[in-house]
Structures are given as structure tokens and as C-alpha cells.
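S.K.: The amino acid sequence is not available; the structure is as follows:
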């Protein structure tokens, strides 16, 4: 909630600067609103850090949110109406295009400004009344936390009864033998006398506590350490309380005296900590800190934990950053596999006594199919399997009974604060306010969907969730930091990483996705199609995957800001129904036809140009797509993704989109792109004005090789050129700031390395599918000073890669696939001093023979880093 207000306050500030001439008549009301919202935002940031979800606070926050949404809609509607008025006047009075190209007659603007002023006053009055209700109904008391992250007073004690103890007991979990062995080995390293910290990291409910307890109670660990203590930390703690937990096993021994309870309670943190340190100094100890949520836990305790004698500290946490900040050796706990999940499910569903082995537990044949569907829903999450199995153990053992549980699993897993969802919700509550919207937004993607990181971040930026950290910071870079933090907090799972270690794609665990959808519904953050028939229906964001009849519900969605949907073609009046949503910021449409039907020809209506607030537009259709010239009026568009279309007909006006950061016009799947106006290719007539471009995917490259690109922000360039063979001898002229370059099917006859090697910032280069049709590639001396990744893929005529001295000094990864005429490589690899990985696939048998059998110690090192398939 706080993030919603913060984003809008930033928007108001930017509008006040950028559009001063438009808002001059209502500056006082906008300033008043901005000031009030800044205070409200601070209040809500504090409220979001508490564990209280009282009905009063929730109602008050919902009313504030609706008022903020109203204000945003009023201002954006004013801008739309002003732009519409300007366009209408320019059509009626053609000469104004030359004399006053951007004017709106003052007399025409005054009624709109007057109306805006009146509506802003109404909103300010409404917010004032809502603020008055905060005191009248004691909302501030409702937000008081039940505990604190850490005590402001070192002597404050939080009773142990307030701790959230683990639900999954050690005996509940099957397997984990390999995990237990690995963690044990990390703790029992001989000869290492320094204190070592080991951290078990993973999402909530995986079994981190269970694994830690298994290791803690292991006989070898028991013999190795002279004293052991396990302390539950959780979100509510004080350093003094944790010290008490370390000492409580035997106060007499630790404190060296007959200590009465009152005397212990009277000790301050420092006194108690010093006593603990004195006792531990002479002993090899193991301290387990379970469920750590803040690095302040370690920063406060480490002062009292001696660093000698080979002692160990074992931490369990959901947040990888805590482990890194504590300089811990990481153990990343993964979800259970399919076999282990099924065994645990059987153990909980058919309890037969502690002495029974899992092989003695059988599932009736008629229940096995639905049982495996239930475990599949849990996706290896130990807690979810234990809860589901425990629930089924009390139900009738019939297919119909189990089917009912399967259909309502989300409900069963979300009952109460100690439920599976309640445990996972702790991770959401712990997020800083600016990450909560980013996390919720991940729920807009389908179940088990592999989310491309670049797409996710671009959508975050378009929604306003990401704020630059200074004038020189790129918002996409900040978005990558946001994503990495969600990953460190075990809220998002990495699927693939790029050549430089950045996230390429990610995925959300199904139960965390359910949590995100639940929280989003509760806060009206977005609506999914399942709720589409609930009235009044006027969502802010609408998600509809594989939707059959969404068109009829769009006509009344005046407040719609984001639409992410997949729909069948045709849907009657889809575009006409969408016209009411002129405040749209994100539009992600996938249109598809049933198998066997003719691919449609799609002509977008000219009204698409009225969505002037649109920042992210992705459009995919399995057929011909023609865009109107009005697309040039999308003056705020930052991402235009058309790469999944087969045929594109794009007007010259596309080059008017000067705010574009990411433009995807074609890739390998595109066979032909028609351009209605050949001026689209002329660099000096269009593309050089798109000075904000960071990413460019384009099919034809004639204008690149003839005139070059002068885009100073361009980082990634993908060129696909199947029809440009006549120009294949041209030299590529590319911007020096380029970081990643992909050439696909360009049929270059001249060795491109002579030119590309001079690019000072190029770090990744891919030549794919006949990008070059020569026999030799030469990396000359001193070339590619920053290149770290090189892929040569599908170059059937290439016989040799030549690496001259001091070329490719930074290359770490070399991938060569399907270059069947290449017979020699090993001696060239020897020159690459920074090389860490070589991957070869479908290569000439002679080259493989050379790699495997050439003798020499220097070649042995190369073989160790080479993968051949």
C-alpha cells in the first residue's frame, strides 16, 4: 500500500516539473495532495512493518488507496482529454501543424483546467475526512505491533511462548540423508580452528529447521562439540533473549554460580554476554540460530561468540543476503524430489507407528493417482506435504473425498496464521515496501510459467515500481537488483542465468504464486479472470490467460491500467470494448487460433494511438499484423515487443516513439517483415532520434551497414538478415557502447571480427546460423579487450578460429556448436589465458579427437574445462 502512494507522489512531482504549463491553474491543489500523501506514505511504511492486520487498519488503508487511485485517474484523464483536443484541432486546422505544432488554444484549455481543479478539491476533501477517521476510530492503536524486530531496550524480554516454533518435526521428514551429510561435512572440517558460520538457505516450509535439527542431534556432531545450543530466533527477538537461549541449557555451568531466576533477569545484555563468552572461550561449541530474519541478529551476537577452538555457528534463514553478510558458507536447500515427496506424503497420510518403515506403507491403487496430483501441487515443499498428508489422514480414504481436497487445496493450506500459507506470508511481510508490489506482480504469470527476467523488469518499470537511484542510474539496473533480492529472500526461483551471471529467467513456486494472488485480490492490486463475474467489476489490473469471453467484460473497465491476457481469435468487438480503458499503462496481448484454422490478418485500429499513457506494449498473433500510423502517438511507450509475430507491416511513424528503451521487431522466428514506407530504414530520418534505446531486435540491417547506428544508450543489438546477401560485403558500423551483439543469418562474406574486435565495451558476441559464410575467423592482436562470452553456432563453412597474441584477454566462456568443417582448435584455446569454460556440440570428429588425445600438461588443463556433446 505504501508503495502505491510513493509511486503516485513521484509521478505528481515529475508532472509538476515536466507539465508545469498544463497544471499551473491547479498547482495549489496538487501541491496540497502531494504533501498529504507524503505523510500518509511514511505512516503506511511503518504500518506495513507490523504484524497487525486489524480490520480498522485494513479498511482505512483501502479507503486511502481508492482515493489515490481516483486522483491518479483524474490527472491522467485530464492529460488524455487535452491530447485528444489537440489532435482534433490539428485535424481541423491544418496550418497549425506548421505555425503551432503542439498548441492547444488557451480558451479551449480553461474548461478542462477548471474541471480538474474542482475534482482535485473533492479528492483533497475526501482524503482529509479519511485522515480524520484515523484518530476518530483509533486506527493508530490498531497498527501497534505485537512485537518488535529487535528491542530498543537491551533489557526488554520477549517470552519464549511468543516464538513461532517449527511445525514440521524432525521425525516427519523422510530422506535428507545426503543433505545431512553435506552440512555435517561443512561443520566438521578438521584442522580449521577459526570460528566458521554455515547457513542453510531456502524458502519457507522447505525443512531448513528439520535439517538443522537432524545435524544438531547427529552422534558425530554431538561427540565433536563440547557444548551445543539450538536457539529459535524468528521475527521477534532481542539480543539479550538470544543470549538467554544460549545460556538456558545450564545456567549454573555457564554463569559459574548458583544463579536464581531473578538474578538472571536482572542481568543486562553486556553482563550476560560477557558471562557467555567466558564460558565458551575454553570450549569447542556449536550454536544453531534457527529462522533468522535480520543480519542484526548476527551483528549483535557475534561480539559474544569466541572465534577460536574450531567452533561453529549454524544459521537457517530464508534470506541469502543475511548469510552473505555474515560471511557464511552457504548450503542451498532444494525442494524434495518426486520420490521423496511421495514417501513423505504416504508417511503422513497413513501413519503406522514410529517403527514402521516407508516400504511398509502402501497407498490403495484407487487413491494413488489423485494422491500424486496432491503431492504434485506441493512442488516439493515439505510443509505443504506434511499439512496435506495430515489433513487426508483424518478424511475418508475414498477417491471422491480426496478429489474434494485436491480442488480446495489452496483454502485448506491457508487456514490460520500457523498454516502453510501463514508461514509463507511471513516472507511477504518481511519484504521492504518497495518490493511488495514487485513480488505481487509475479503472480500475473500462469502457473509453472518460466518468466523472462527482462520482460518482468520492463513491466515493473512501466508500472512505476522501480525508481532510479540518481541521475546516472538506469531503472532496469535497479530492477535487476530488486529481482536478485527477491531471489535471495527465496521468494523467486532462478531457472536460467545469462553468460554474465545475471538472471535470464525465473519461476514462482505455486504456493507463493497463490499467496501473491491472494494478497493482490485482498488489496485490489490485480484481478484474475476467476473473479470476473463479481460486480461491480472495474479492476486496476486484469489478468486473463486462455480466456474465451473477456471482450464483454472490458467495456466498463474505465480504471483499467494493465491488461495481460491470451485470447482466441476472433473475439467480437475486442478492440471496441477496450477503447474505454484509455489510461492503460501495460498491454500484453497474445492472440491465438485453434489448430487447423487459417492464420488471421490482424489490423490494429487507429484508436490504439489514444492510449497515450501506454509504456509497455507486447502483441503476438500467429499471422499478418498491420499497425496504423497512429502508433506514433504513443509518446510514453518504453517497450514495444513484436518479436513473436510472423509478418509485420509497420509505418514510418514508429520512429516518433522517442521514449522507447526496448524495441523488438524480429528474431529468428520471423521469416519476412514488410515495411510500408522504406524511410523506416533510413537512419537519419528516424532511428537516431530514439536516443533512449537500450535494446534493439530488428530483422533487416541495410541501414546499419550503410549509415551505422548512433545510439549512445544501446546495450544489446540483435540483427536478423536473411534477405541481405547482396550487401553482405559491407562493413558493420556499430555504436561503441554496445555490450551484447547477436548476428543471425546475416550471410556476411567479410570476416566481421576485424570490425567487431574494436568495440571497447563488447562483452558478449553470438554469431548464429550463417551469420558469417567465410572459412576463417581471426581475432587480431589486442582485439576484444572486454569480451567475456563468445558463441559460434551453425557456421557450416567455418574451418578455423585464429586467435592472435593478446586477443580475447578477458574471454571466460567459448561455445562452438555445429561448425562441422572446423578440424583444429586446441592450440588456439591455449592462448586464451582467462578461459574458464568451453562447450562443443555436434562438431567434426577430427576436432573432438584432437581435444581428447593431444598430450601435454597444458592441454590437460583445457580438457578439464571442456564439455563435449
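M.R.: Received it, and whenever you're ready, just let me know what you need. This one's a predicted model, so the numbers in the text were calculated from it and none came from an experiment.
S.K.: Flag every buried residue along stretch 771-784.
M.R.: If you call a residue buried by 16 or more other Cβ atoms under 10 Å, then stretch 771-784 has these buried ones: 771-773, 777-780, 783-784. Every residue, glycine included, has its C-beta placed from N, CA and C.
S.K.: Among those, which one sits closest to residue 604?
M.R.: Set against residue 604, the nearest of these by Cβ to Cβ is residue 771 (32.3 Å).
S.K.: is it true that that closest one touches residue 749?
M.R.: No: taking contacts as Cβ atoms under 8 Å, residue 771 lies outside contact range of residue 749: 11.3 Å.
S.K.: what residues do those two have in common as contacts?
M.R.: When contacts are counted by Cβ atoms under 8 Å, 6 or more residues apart in numbering, residue 771 and residue 749 have no shared neighbour.
S.K.: Would you check how far apart the spatially closest residue to residue 382 that is not a sequence neighbour and residue 401 are?
M.R.: Once flanking residues are discounted, residue 382 sits nearest to residue 207: 3.9 Å by Cβ to Cβ, 6 or more residues apart in numbering. Going from residue 207 to residue 401 by Cβ to Cβ, to the nearest Å gives 27 Å.
S.K.: quick one: contacts for residue 228?
M.R.: Taking Cβ under 8 Å, 6+ apart, we find residue 228 in contact with 216, 221-222, 285-288.
S.K.: would you turn these into a markdown table with neighbour count?
M.R.: Output for the contacts of residue 228, formatted as a markdown table (neighbours: other Cβ atoms under 10 Å):
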| residue | neighbour count |
| --- | --- |
| 216 | 21 |
| 221 | 20 |
| 222 | 11 |
| 285 | 23 |
| 286 | 22 |
| 287 | 25 |
| 288 | 22 |
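S.K.: closest to residue 762 among those?
M.R.: Distance to residue 762, by Cβ to Cβ, is smallest for residue 288 among the contacts of residue 228, at 48.3 Å.
S.K.: What segments of the stretch 351-500 of the chain are helices?
M.R.: Using DSSP state H, counting those that start in this stretch, the helices of the stretch 351-500 of the chain run over residues 365-378, 382-393, 399-407, 409-412, 420-430, 433-441, 453-463, 475-488.
S.K.: host element of residue 743?
M.R.: When secondary structure is defined by DSSP states H and E, residue 743 falls within strand 740-744.
S.K.: now residue 125
M.R.: Using DSSP H and E, residue 125 sits in helix 106-136.
S.K.: Now do the phi/psi pair for the closest residue to residue 743 other than its chain neighbours.
M.R.: Closest residue to residue 743 apart from its sequence neighbours, by Cβ to Cβ, 6+ apart: residue 771 at 4.0 Å. The phi/psi pair for residue 771 (degrees, to the nearest 10) reads phi -60, psi -30.
S.K.: was I right about residue 605 contacting residue 575?
M.R.: Yes: Residue 605 is within contact range of residue 575, at 4.9 Å (criterion: Cβ under 8 Å).
S.K.: which residues of the stretch 251-400 of the chain score low on pLDDT?
M.R.: 251-265, 352-360 (pLDDT under 70).
S.K.: Let's see that with 90 instead.
M.R.: 251-269, 271-272, 274-283, 307-310, 335-341, 343-366, 368, 372-400 (pLDDT under 90).
S.K.: From residue 586, how far off is residue 182?
M.R.: Between residue 182 and residue 586 the computed distance is 43 Å (Cβ to Cβ).
S.K.: what are the ranges of the helices in the stretch 651-800 of the chain?
M.R.: Under DSSP H, counting those that start in this stretch, the stretch 651-800 of the chain gives helices at 702-707, 753-756.
S.K.: got it, and the stretch 151-300 of the chain?
M.R.: All helices of the stretch 151-300 of the chain, identified by DSSP H, counting those that start in this stretch, fall at 177-187, 208-216, 219-224, 239-247, 251-255, 261-266, 269-280, 295-301.
S.K.: Would you mind checking the average pLDDT for the second one?
M.R.: For helix 208-216, the mean pLDDT works out to 92.
S.K.: Which elements pack onto that helix?
M.R.: Packing partners of helix 208-216 (3 or more Cβ pairs under 8 Å, 6 or more residues apart in numbering; DSSP states H and E): helix 177-187, strand 196-201, strand 227-232, strand 285-292, strand 312-317.
S.K.: what's the spacing between that helix and its chain's center?
M.R.: Centre-to-centre, helix 208-216 and its host chain are 30 Å apart (Cα atoms, centre = their mean, to the nearest Å).
S.K.: Mind checking which of the buried residues of stretch 771-784 are in strands?
M.R.: Among the buried residues of stretch 771-784, the ones falling in strands (DSSP state E) are 777-779.
S.K.: Surely residue 842 is in contact with residue 817?
M.R.: Yes: contact criterion Cβ under 8 Å: residue 842 and residue 817 qualify, at 6.2 Å.
S.K.: Counting neighbours around each, name which of those two comes out higher.
M.R.: Per other Cβ atoms under 10 Å, whichever of residue 842 and residue 817 has more neighbours is residue 817, with 16 against 12.
S.K.: in the sheet, who's paired with the more buried one?
M.R.: residue 793, residue 841 (DSSP bridges).
S.K.: Now do the contacts for it.
M.R.: By Cβ under 8 Å, 6+ apart, residue 817 lies in contact with 791-794, 839-843.
S.K.: Turn those into a markdown table, including distance to residue 75.
M.R.: Listed next are the contacts of residue 817 as a markdown table, based on distance: Cβ to Cβ, whole Å:
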| residue | distance to residue 75 |
| --- | --- |
| 791 | 48 |
| 792 | 53 |
| 793 | 50 |
| 794 | 52 |
| 839 | 53 |
| 840 | 58 |
| 841 | 55 |
| 842 | 58 |
| 843 | 60 |
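S.K.: Next, the contact list for the residue nearest to the spatial centre of the chain, please.
M.R.: For the chain, residue 483 is the residue whose C-alpha lies nearest the centre (Cα atoms, centre = their mean; 4.0 Å). With contact taken as Cβ under 8 Å, 6+ apart, residue 483 is in contact with 438, 453, 456-457, 492, 503, 506.
S.K.: Hmm, residue 630 is touching residue 609, no?
M.R.: Yes: if you go by Cβ under 8 Å, residue 630 and residue 609 touch, sitting 2.8 Å apart.
S.K.: if you count what's nearby, which of residue 182 and residue 586 comes out ahead?
M.R.: Higher neighbour count among residue 182 and residue 586: residue 586, with 24 against 12, using other Cβ under 10 Å.
S.K.: what's the nearest residue to that one if we skip its chain neighbours?
M.R.: Distance criterion Cβ to Cβ, 6+ apart; nearest residue to residue 586, sequence neighbours excluded, is residue 562 at 3.9 Å.
S.K.: how deep is that neighbour tucked in, by neighbour count?
M.R.: By other Cβ under 10 Å, 22 other residues sit near residue 562.
S.K.: Look up which residues are beta-bridged to it.
M.R.: Where residue 562 sits in a bridge, its partners, by DSSP bridges, are residue 541, residue 586.
S.K.: Contact partners for it?
M.R.: Applying Cβ under 8 Å, 6+ apart, the residues near residue 562 are 444, 463, 526, 540-542, 584-587.
S.K.: quick one: it and residue 760, what's the gap?
M.R.: Separation of residue 562 from residue 760 (Cβ to Cβ) stands at 39 Å.
S.K.: what does residue 853 give?
M.R.: Residue 853 sits 39 Å away from residue 760, going by Cβ to Cβ.
S.K.: now the lengthiest helix in the chain: mean pLDDT?
M.R.: As assigned by DSSP state H, the longest helix anywhere in the chain is helix 55-92. Across helix 55-92, the average pLDDT comes to 79.
S.K.: And stretch 738-746, by the same measure?
M.R.: The average pLDDT for stretch 738-746 rounds to 92.
S.K.: For that stretch, measure first residue to last.
M.R.: 18 Å (Cα to Cα, to the nearest Å).
S.K.: that older thread, of all pairs in the contacts of residue 483, which one is the farthest apart?
M.R.: The most widely separated members of these, counting by Cβ to Cβ, are 438 and 503 (13.2 Å).
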